[in-house]
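> Coordinates for the following, if possible.
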Amino acid sequence: MGRMTTAPHRVAVLALDRVIAFELGIPSRIFESATAADGSPLYQVATCTVDGRPVATSSDFTISVDHGPELLEQADTVLIPAARDLGPSFLCGGLDEPLAAALARIRPGARIASICTGAFVLAAAGLLDGRPATTHWRYTERFAQLFPRVRLDPDVLYVDDGDVLTSGGVAAGVDLCLHMVRRDHGSAVANQVARTCLVPPWRDGGQRQYVDLPTPSGNTGDSTAAVRDWALRHLDEPLTLRQLAERARMSVRTFTRRFREETGSSPGQWLTVQRTALARELLERTELSIDQVARRSGFGTAASLRLQLRERLDLAPSAYRRTFRTPAG
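Model prediction:
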């Protein structure tokens, strides 16, 4: 349920030495794009360092900040982006004293989130013990070695465990921040932010961080793109693999192989994702009954729709509608 506060939600971004500039900029770009119906800002974003001094980025420039660790004491949400090197103590799964002292300033009840390898900081501080979490897929083996008490999921884009959230690498931080906006203020606000920032409005947190797509050979023939476009307009119909392959003028075997090469998933998996996205939109934006939403999105029955949303979002359709309903007007 969205927060019904009048004052902007205060977000503090903790920039560590050799912070990665892209990840550092994600929170301000996403959260500062979120506005209420009257145009007032829904978030206030500020950046701090552990001692208030400038820090080097992983690129060829240094950043100066206006705040030290005292900023963390007033924050409603604290975000820790990735940094290239967290120091010798970090390599042993620990934190140096200044960073540990800064984290100790975070007030009880504040939401804490990390982008990419920022999860190492949360884990080293003991904030992820016994919790589900993720980090950049490239560093999951090292993470698991250092923090065996964390329930690491190495594949997903982000993990929402209530007051502590973690995301995978790089652009997964965009997905995480949009998810927090959606959780706070609903899909209409999050979708507007996505349009402003020219990014996809929603990628499921359970979507894989990385899919190693094979490189097609030079003689690949026709693409499956036209069939995918057609299928998106006919999601309410009982589409079969043979029907899609015939429309592409390919054998089922060739179509399935080429489809996976181009999308990273099987035709059946892809259809389920597209139907889930359509069902979510219908639940958010229409007054259709759950049965009608199920039929129009191609799931056929409310029971089938309920199963899919439970598996992907851990929400029943009615609960999803109550949480993410776009207000009238």
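> that's a helix at residue 99, yeah?
Yes: the assignment for residue 99, made by DSSP: H, G, I helix; E, B strand; the rest coil, places it in a helix.
> SS state for the residue lying closest to it once chain neighbours are set aside?
Using CB to CB, 6 or more residues apart in numbering and skipping the chain neighbours, the partner closest in space to residue 99 is residue 50 (5.3 Å). C-beta: built from backbone N, CA, C; applies to glycine. Using three-state DSSP, the structure places residue 50 in coil.
> quick one, what contacts residue 50?
14, 16, 68, 69, 98, 99, 101, 102 (CB atoms under 8 Å, 6 or more residues apart in numbering).
> most surrounded residue in those?
Counting neighbours by other CB atoms under 10 Å, the top entry in the contacts of residue 50 is residue 14, with 29 neighbours.
> For the residue nearest to that residue when sequence neighbours are not counted, give the beta-bridge partners.
Nearest residue to residue 14, sequence neighbours excluded (CB to CB, 6+ apart): residue 80, at 5.0 Å. Residue 80 has these beta-bridge partners by DSSP bridges: residue 114.
> pretty sure residue 80 is touching residue 120, no?
No: applying CB atoms under 8 Å as the test, residue 80 and residue 120 come out as separate, 9.3 Å apart.
> before we move on, back to that, how much space separates the residue nearest to residue 99 from residue 19?
11 Å (CB to CB, to the nearest Å).
> same deal with residue 10?
Here residue 10 is placed at a distance of 20 Å from residue 19 (CB to CB).
> Have a look at those two and say which one is more surrounded.
residue 19 (25 against 16).
> Tell me if I'm right that that one and residue 80 touch.
No: between residue 19 and residue 80 there is no contact under CB under 8 Å: 9.3 Å.
> Quick check: bridge partners of residue 48?
With DSSP bridges as the rule, residue 48 is bridged to residue 14, residue 67.
> do the same with residue 10
Where residue 10 sits in a bridge, its partners, by DSSP bridges, are residue 44.
> Not counting residues beside it along the chain, what's closest to residue 138?
Closest to residue 138 by CB to CB, 6+ apart is residue 169, at 6.9 Å.
> give the contact list for the one you found.
82, 116, 117, 135, 136, 137, 138, 209.
> Surely it forms part of a strand?
No: if the criterion is three-state DSSP, then residue 169 is coil and not within a strand.
> The closest residue to residue 313 other than its chain neighbours sits in which helix or strand?
Leaving aside its sequence neighbours, residue 313 sits nearest to residue 320 (CB to CB, 6+ apart; 6.5 Å). Applying DSSP states H and E as the criterion places residue 320 in helix 317-324.
> Could you check how far that helix is from the centre of its chain?
The chain centroid and the centroid of helix 317-324 are separated by 19 Å under CA atoms, centre = their mean, to the nearest Å.
> Let me see the residues that make contact with it.
Outside helix 317-324, the residues that reach it (CB under 8 Å, 6+ apart) are 1, 182, 186-187, 279-280, 283-284, 290, 293-294, 302, 305-306, 309, 313, 315.
> Give me the subset of those residues that lies in strands.
Per DSSP state E, strands hold no members of those.
> Could you give me the ChimeraX selection string for whichever of those are buried?
Under the burial definition 16 or more other CB atoms under 10 Å, those of the contacts of helix 317-324 that qualify are selected in ChimeraX by:
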select :182,186,187,279,280,283,284,290,293,294,302,305,306,309,313,315
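> my guess is residue 42 meets residue 36, correct?
Yes: Residue 42 sits in contact with residue 36 when judged by CB under 8 Å, with a separation of 5.8 Å.
> Of these two, give the one with the bigger neighbour count.
Using other CB under 10 Å, the more surrounded residue of residue 42 and residue 36 is residue 42, with 21 against 12.
> what's that one in contact with, if anything?
With CB under 8 Å, 6+ apart, residue 42 has these contacts: 8, 9, 31, 34, 35, 36, 181, 184, 185, 189.
> Show me the residues you listed that map onto strands.
residue 9.
> Make CSV from the contacts of residue 42 and add distance to residue 163 to it.
CSV is the format used below for those (distance: CB to CB, whole Å):
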residue, distance to residue 163
8, 19
9, 14
31, 17
34, 20
35, 25
36, 24
181, 16
184, 13
185, 18
189, 21
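> circling back to that earlier point, mean confidence for the helix holding residue 320?
Averaged across helix 317-324, pLDDT comes to 84.
> same question, stretch 241-251
94.
> residues of that stretch that come out buried?
Buried residues in stretch 241-251 (16+ other CB under 10 Å): 244, 245, 248, 250.
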